[in-house]
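Participant: quick check, what structure comes out for this input:
(one chain, ligands or ions: 1)
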Amino acid sequence: MRFRQLSLALLLLSPGLYAQVARPTLHEALLAARADHAGEPGVAAAFRRLADAYGTPLYIYDQAHIGGQVDALRAAFAPRFHKLRIFYAIKANTNPAVISLLKAKGLGAEVVSRGEIETALRVGYTGPEIMFTSSSKNPGEIRRSIELGVVLNVDSMDELGQVQAEARRQKKQARVSFRINPGVDPHTIHQINTGVSESKFGLHLQDGIAFNAYEKAKAMPEIRIEGAHCHIGSQITETDGYVLTARKMLGLVKDLKDKLDIQLAFLDLGGGLGIPYEDGQTLMSPEDLAKALEPVWKEGVAAAGYEPTLWLEPGRFFVGGSGYLLTRVNTVKQTPLKTFVNVDAGFNTLIRPAMYKAYHRVRVIGRTQDPQLVDIAGDVCETGDILAEARTLPRAQAGDLVVILDAGAYGFSMASEYNARPLPAEVMVEGDKARVIRRRGTYSELFRNTGGSVPTKR
Ligand code: LLP
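Facilitator: Next up, the predicted model:
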């Protein structure tokens, strides 16, 4: 025990020295890799243990990190917002073991599909603890949501009509909130910038469109209006967009109260909190965000004359930094122009670099010498399959392990079997233990559902 405490202190004070002298636990090795000590023998031994036991490519999650992120968000918001409810946007990482951790921390589930509803139920959520947001819900998804008492974030007048008809058929009231497009640019990557006016999401505040939706819904006995929802984008690194959005949304809250006598149970300001993907990167902390929102919230609530519960629904913030994608070098090749380190993962395993030009840190395990400028190239047969471009890293050889950091959000959940490669395994690390939370895909799974006569309807 005393040794563990001493070694933890050493890890925090001097991760490099620690990694050289001690035998780190798996959890400590993950932290040491993050602190750029993946070259040290003790750290390398831990990663080799994982690779030997479970193979590569392998998603590894650090359980302690996930709990820590929830605590950090709550510590920033709970003292300032007395009526607060936090959801986890499960699309970021849909592994039931991951969702269970967040459920155990008291979070609700934000879902985007029938499959995510079923996943949340499997983990133990009940309908009323689930909120469903999508700009395009199919009739089966609407039916199931109303049956279960899921909150539906309605995205269009067309959808409102469909929800009303289905609720009437079920002789139930549908729990409804509208997704609002506030017309705010949070300055993030184009593909994940959802709150701007030209995006496909939500009913615009502009021209009273959102207001009219509430007015219509109020006249529908099958609809129970519960709240207002928005989500302006993902990987947001500054507070300004949130502050402007909160101001606009609270303006709507006041209008609904003053002009339609509608009082909302909640106002959902979405998810989108960014995480640092680069060494030395500083960005908005939950504390910065809570502090920036507090005065706007107080002012808006005072003007409206009542306080809805503040709902938040981050995904990446909870799980992104917990994930490590462990991969093995197949070959190293020098071309006249570049050096490619060819690994056994590709954009089928982690699509973010190819899809968004996203940056992920890379560490070579067990190597410290002879830095080289390299591209980490995937094993998919496409030119765009580069996981990391132009990085200076210690020289790697065939058979070495390479780990890609911050792969816990939108990593496995966006993975595919493209190029007929089975899906990777996932393991959860707690202290010095690892447990398989999804076994590796198999070759026979590549042919599942293809034989005989199979149902094609949902
Ligand atoms: N709520 C809604 C309605 C959303 O659409 C999203 C994410 C979230 C919450 C959670 O956002 P987060 O807190 O994770 O930023 N695949 C992209 C990110 C797409 C985000 C889609 N919506 C990526 O890898 O960066």
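Participant: return the residues in contact with whichever residue of the stretch 51-200 of the chain sits closest to the ligand.
Facilitator: Here the stretch 51-200 of the chain gets closest to the ligand at one residue, residue 89, 3.5 Å apart by CB to the nearest ligand atom. Using the backbone N, CA and C atoms, a C-beta is placed for each residue, glycine as well. Contacts of residue 89 were listed using CB atoms under 8 Å, 6 or more residues apart in numbering, and they are 110, 271, 313-315.
Participant: quickly check those residues for the two that are furthest apart.
Facilitator: 110 and 314 (9.0 Å; CB to CB).
Participant: what do those two both touch?
Facilitator: Shared contacts of residue 110 and residue 314, defined by CB under 8 Å, 6+ apart, are found at 88-89, 271.
Participant: ok, so of these, who is nearest residue 427?
Facilitator: So of these, ranked by how close each gets to residue 427 (CB to CB), first place is residue 88, at 20.1 Å.
Participant: hey, C-alpha coordinates of the host helix or strand of the closest one in CSV?
Facilitator: Residue 88 belongs to strand 84-89 when assigned by DSSP states H and E. Extracted in CSV, the C-alpha atoms of strand 84-89 (Å, rounded to 0.1, in the frame of the first residue of the first chain):
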residue,chain,number,x,y,z
LEU,A,84,-29.4,20.5,-13.3
ARG,A,85,-29.7,17.2,-15.2
ILE,A,86,-26.9,15.6,-17.2
PHE,A,87,-27.3,13.1,-20.0
TYR,A,88,-24.6,11.1,-21.8
ALA,A,89,-24.8,11.3,-25.7
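Participant: beyond it, next helix or strand please.
Facilitator: Using DSSP H and E, the helix or strand that follows strand 84-89 in sequence is helix 96-104.
Participant: and the longest strand along the chain, what other elements does it pack with?
Facilitator: The single longest strand within the chain, with elements called by DSSP state E, is strand 323-334. The contact analysis (3 or more CB pairs under 8 Å, 6 or more residues apart in numbering; DSSP states H and E) places strand 323-334 against helix 41-54, strand 58-62, strand 339-343, strand 401-405.
Participant: and the ones you listed: which comes nearest residue 135?
Facilitator: The closest of these to residue 135 is strand 58-62. By CB to CB, the value is 28.8 Å.
Participant: run the angle between the helix or strand just after the closest one and helix 96-104 for me.
Facilitator: Remark: after strand 58-62, the chain's next helix or strand is helix 63-77, criterion DSSP H and E. Inter-element angle recorded for helix 63-77 and helix 96-104: 30 degrees (by axes from the mean of the first three to the mean of the last three CA atoms, to 10 degrees).
Participant: picking that back up, pairing partners for the longest strand of the chain, with directions?
Facilitator: Neighbouring strands of strand 323-334 in its sheet, by DSSP bridges, are strand 58-62 (antiparallel), strand 339-343 (antiparallel), strand 401-405 (antiparallel).
Participant: winner for burial among those?
Facilitator: Mean neighbour counts were taken over the strands paired with strand 323-334 using mean count of other CB atoms under 10 Å, and the top value, a mean of 26, falls to strand 58-62.
Participant: and the angle for it with helix 41-54?
Facilitator: 120 degrees.
Participant: how close does residue 123 get to residue 176?
Facilitator: From residue 123 across to residue 176, the span is 24 Å (CB to CB, to the nearest Å).
Participant: pick out whichever of the two has more residues nearby.
Facilitator: Taking neighbours as other CB atoms under 10 Å, residue 123 and residue 176 compare with residue 176 leading, 26 against 20.
Participant: which SS class is that one?
Facilitator: In terms of secondary structure, residue 176 is strand; the call rests on DSSP: H, G, I helix; E, B strand; the rest coil.
Participant: quick check: it touching residue 150?
Facilitator: No - using CB atoms under 8 Å, residue 176 makes no contact with residue 150, being 10.5 Å away.
Participant: just the CA trace of the host helix or strand of residue 180, in PDB.
Facilitator: Using DSSP H and E, residue 180 sits within strand 174-181. This file holds the C-alpha atoms of strand 174-181, laid out as PDB (Å, rounded to 0.1, in the frame of the first residue of the first chain):
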ATOM      1  CA  ALA A 174     -46.100  12.100 -26.300                       C
ATOM      2  CA  ARG A 175     -43.400  13.900 -24.300                       C
ATOM      3  CA  VAL A 176     -42.100  16.600 -26.600                       C
ATOM      4  CA  SER A 177     -39.400  19.200 -26.700                       C
ATOM      5  CA  PHE A 178     -38.400  21.000 -29.900                       C
ATOM      6  CA  ARG A 179     -34.900  21.000 -31.200                       C
ATOM      7  CA  ILE A 180     -34.100  24.600 -31.900                       C
ATOM      8  CA  ASN A 181     -31.700  26.000 -34.500                       C
END
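Participant: so how far is that strand from its chain's centroid?
Facilitator: Relative to its chain's centre, strand 174-181 lies at 22 Å (CA atoms, centre = their mean, to the nearest Å).
Participant: please renumber the chain so that the first residue is 23 from this point on.
Facilitator: Sounds good: first residue 23 from here, last item strand 196-203.
Participant: show me what it packs onto, helices and strands only.
Facilitator: Secondary-structure packing of strand 196-203 (3+ CB pairs under 8 Å, 6+ apart): strand 173-176, helix 179-192, strand 225-226, helix 231-240, strand 245-251.
Participant: does the ligand sit close to the third one?
Facilitator: Same thing as strand 225-226. No - counting by CB under 6 Å from any ligand atom, the ligand has no neighbours in strand 225-226; the shortest distance is 13.8 Å.
Participant: pull the residues that contact that strand.
Facilitator: Strand 225-226 is contacted by residues 177-179, 200-203, 205, 219, 231-232, 235 when judged by CB under 8 Å, 6+ apart.
Participant: now the buried members of those residues.
Facilitator: Buried residues within those, defined by neighbour count using 16 or more other CB atoms under 10 Å: 177-178, 200-203, 205, 232, 235.
Participant: quick one: which two of the residues you listed are the most distant?
Facilitator: Pairwise distances across these (CB to CB) peak at 16.5 Å, for the pair 178 and 205.
Participant: what count of nearby residues applies to the residue nearest to residue 164 when sequence neighbours are not counted?
Facilitator: The shortest distance from residue 164 to any non-neighbouring residue, by CB to CB, 6 or more residues apart in numbering, is to residue 188 (5.2 Å). As a burial measure, residue 188 scores 20 neighbours (other CB under 10 Å).
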